[in-house]
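Student: Build the 3D model from these lines:
(chains A and B)
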Amino acid sequence: MMIKEIITVILLVVGCFFFLAGTLGVLRFPDLFSRLHALTKADNLGLGFIAAGMAVYIASPWAALKIFFIWLFTLLASSTSCYLIARFQKEQNHSKNGKEGG
Amino acid sequence: MSVLIDIILAILAVYLALQSLLAPRLTQSVFLFFAFGLALALAWIRLGAVDVAITEAAIAAGFLGVLFLDALRDFSPRGSEKKENLEAVQNALPKNNTKSLLLPGMALMLGLGLFLLIALEAVWKIPDGGGLTAAAEALLPESGVEHPVTAVLLNFRAYDTWLEIGVILLGLLAVFAVGGIKIYRKPVMATQDPLLRQVILFFTPVLFLFGAFLLYIGKTGPGGAFQAAVLWGAIGILLHLGGRPVFSMIPRWLGQLLLTIGLGFFLILGFLFIAGGATLFEYPPAHAGVLILIVETMAAISIAAALTAIFANLNQMNEGPNEIESTN
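Tutor: Numbering: from 1, shown residues only, chains lettered A, B, ... in the order given. This is a model prediction of the structure:
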């Protein structure tokens, strides 16, 4: 019983650390691409560790499977939106450079 | 400990609401509003109202978020003439405000104070038994479902729910009235981006399944037509953004049928009950469960269609005819 709770706490703390680091990155990084990197890291790893912690805490295979799927869908959605934002920014940069050059 | 969390949540919700109103830039306002919606959803969970929490998260953070982001794009540097419009509006605003700020401010304070008093009194007056909870739970076996919230929404107070479906349809009609139905039809242009296309293809069945699950689980637990409808509406919006506007691809009559079937089926059922000697929306207890499930499915289809149509219309209203090519 104790071991389970200790593992849960460790996983949650690690997850919170990644969210904190990601938030710091979004606030402090200089440009959009590095900010996106920080944000998706926080999403993927932070949420992953917190989900793992919750799965350990609940300790039921069905709940664990559901939590895993939540993480998976968030992963898919966040990486796709990250890609779309990055692509948009890249296109903006391109068109700006094109205008300045010509 | 839990009181501490509640207090933090309450302060956070009010703080975010204020910040969202007072933020100097529209973008900040919109994102603070998302955060406010999520804080509210958490607050509803803390209050034990999981149904409301799901709806709040889906509507405020999901659907309204999409509409707001769409509106934001309208004011972004891309639409240069629209930006000038926005600047004109923003320049015009302060002039009007400075003169007569005192009177509206006083009125607002008075109204808020009154509202706060009424709210406090209402909270004070809640009886120990939790209001009508006992009455609803006593009649639960007759309602055909096992979840008290669904029983109240779809059976005991079905009239209210029926009107709510109508309100969403009215919202769509208002969008039509402002924008016109003409621009509703646009040539179909699938997105060129392979990743986006795959993700939309993947999420469409997942969202459909999850919506159906929420619809069905409403019988026994938190979930139901409105929550399912938002997820199904999300499919429509995803497809629309991926270049497959649903309402342009299906025949016009089918679209109209999808939009009105929830309201219409509910009403026809109500009249059938009256013809059978009961009152409006008085389900026969033997078939109540099945009937409620059918009504909820129809309602979810209609609400989802209405949400999709509202988004599709607003989205196409913003997009000038020349801007479509530049997005890809």
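
Student: Double-check residue B:202 against residue A:77; I have them as touching.
Tutor: No: taking contacts as C-beta atoms under 8 Å, residue B:202 lies outside contact range of residue A:77: 10.3 Å. Glycine gets a C-beta too; all of them are placed from N, C-alpha and C.

Student: Quickly note the distance from the residue nearest to residue A:45 when sequence neighbours are not counted to residue A:31.
Tutor: Nearest residue to residue A:45, sequence neighbours excluded (C-beta to C-beta, 6 or more residues apart in numbering or on different chains): residue A:18, at 4.4 Å. Distance, residue A:18 to residue A:31, by C-beta to C-beta, to the nearest Å: 21 Å.

Student: ok, these two, which is more surrounded?
Tutor: Legend: neighbour count by other C-beta atoms under 10 Å in any protein chain shown for residue A:18 and residue A:31, higher for residue A:18 (20 against 8).

Student: ok, back up a step: how about the contacts made by the residue nearest to residue A:45?
Tutor: Taking C-beta atoms under 8 Å, 6 or more residues apart in numbering or on different chains, we find residue A:18 in contact with A:41-42, A:45-46, A:49.

Student: Restricted to helices, list those.
Tutor: A:41, A:49 (DSSP state H).

Student: Just the buried subset of the contacts of residue A:18, please.
Tutor: Buried by 16 or more other C-beta atoms under 10 Å in any protein chain shown: A:42, A:45-46, A:49, out of these.

Student: How is residue B:72 classified with respect to secondary structure?
Tutor: The three-state assignment at residue B:72 reads helix, by DSSP: H, G, I helix; E, B strand; the rest coil.

Student: Near chain B, which residues of chain A are found?
Tutor: A:73, A:76-77, A:80, A:83-84, A:87 (C-beta under 8 Å from any C-beta of the partner chain).

Student: And these, which is closest to chain B?
Tutor: residue A:80 (4.7 Å; C-beta to the nearest C-beta).

Student: thinking the closest one is in contact with residue B:196, fair?
Tutor: Yes: at 7.0 Å, residue A:80 counts as touching residue B:196 under the criterion of C-beta under 8 Å.

Student: just to confirm, which helix or strand has residue B:115 in it?
Tutor: Counting by DSSP states H and E, the element that carries residue B:115 is helix B:102-125.

Student: Export only the CA atoms of that helix, formatted as CSV.
Tutor: Presented in CSV, the C-alpha positions along helix B:102-125 are these (Å, rounded to 0.1, in the frame of the first residue of the first chain):
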residue,chain,number,x,y,z
LEU,B,102,-20.1,57.1,-14.1
LEU,B,103,-23.8,56.3,-14.7
PRO,B,104,-23.4,52.9,-16.4
GLY,B,105,-20.8,52.1,-13.7
MET,B,106,-23.2,52.9,-10.9
ALA,B,107,-26.0,50.9,-12.6
LEU,B,108,-23.7,48.0,-13.1
MET,B,109,-22.6,48.1,-9.4
LEU,B,110,-26.2,48.3,-8.3
GLY,B,111,-27.3,45.4,-10.5
LEU,B,112,-24.3,43.3,-9.4
GLY,B,113,-25.1,44.0,-5.7
LEU,B,114,-28.7,43.1,-6.2
PHE,B,115,-27.7,39.9,-8.0
LEU,B,116,-25.3,39.0,-5.2
LEU,B,117,-28.0,39.5,-2.6
ILE,B,118,-30.5,37.4,-4.5
ALA,B,119,-27.9,34.7,-5.0
LEU,B,120,-26.9,34.7,-1.3
GLU,B,121,-30.6,34.5,-0.3
ALA,B,122,-31.1,31.6,-2.7
VAL,B,123,-28.1,29.7,-1.3
TRP,B,124,-29.3,30.5,2.2
LYS,B,125,-32.8,29.1,1.5
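
Student: Can you report how many residues lie near the residue in the stretch 101-250 of chain B that chain A sits nearest to?
Tutor: Relative to chain A, the nearest point of the stretch 101-250 of chain B is residue B:199 (4.7 Å; C-beta to the nearest C-beta). Look at residue B:199: counted by other C-beta under 10 Å, it has 20 neighbours.

Student: nearest spatial neighbour of it, skipping sequence neighbours?
Tutor: residue A:80 (4.7 Å).

Student: now do residue B:200
Tutor: residue B:242 (4.3 Å).

Student: Surely the one you found and residue B:196 touch.
Tutor: Yes: assessed by C-beta under 8 Å, residue B:242 is found in contact with residue B:196 at 6.1 Å.

Student: residues touching residue B:2, list them.
Tutor: Contacts of residue B:2 by C-beta under 8 Å, 6+ apart are residue B:46.

Student: Just the pLDDT for it.
Tutor: Per-residue pLDDT puts residue B:2 at 82.

Student: Okay, helices next: where are they in chain A?
Tutor: Using DSSP H, helices in chain A cover A:2-28, A:32-41, A:47-58, A:61-101.

Student: Deepest-packed of those helices, please.
Tutor: Stretch with highest mean neighbour count among those: helix A:47-58 (a mean of 19; mean count of other C-beta atoms under 10 Å in any protein chain shown).

Student: packing partners for it?
Tutor: helix A:2-28, helix A:61-101 (3 or more C-beta pairs under 8 Å, 6 or more residues apart in numbering or on different chains; DSSP states H and E).

Student: Could you take those helices and lay them out as a markdown table, with extra columns for mean pLDDT and distance to residue B:28?
Tutor: Converted to a markdown table, these look like this (pLDDT from 0 to 100; distance: least, C-beta to C-beta, whole Å):
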| stretch | mean pLDDT | distance to residue B:28 |
| --- | --- | --- |
| helix A:2-28 | 90 | 14 |
| helix A:61-101 | 83 | 17 |
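
Student: how does chain B divide into domains?
Tutor: B:1-93, B:146-321 (automatic domain parsing).

Student: Mean neighbour count, those domains: which tops it?
Tutor: domain B:146-321 (a mean of 18).

Student: tell me, what residue is most central in chain A?
Tutor: Centroid-nearest residue in chain A, with C-alpha atoms, centre = their mean: residue A:43, separated by 1.3 Å.

Student: got a list of what it touches?
Tutor: A:22, A:74-75, A:78.

Student: Is it possible to get a markdown table of the contacts of residue A:18 that adds pLDDT?
Tutor: A markdown table is the format used below for the contacts of residue A:18 (pLDDT from 0 to 100):
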| residue | pLDDT |
| --- | --- |
| A:41 | 82 |
| A:42 | 82 |
| A:45 | 88 |
| A:46 | 90 |
| A:49 | 92 |
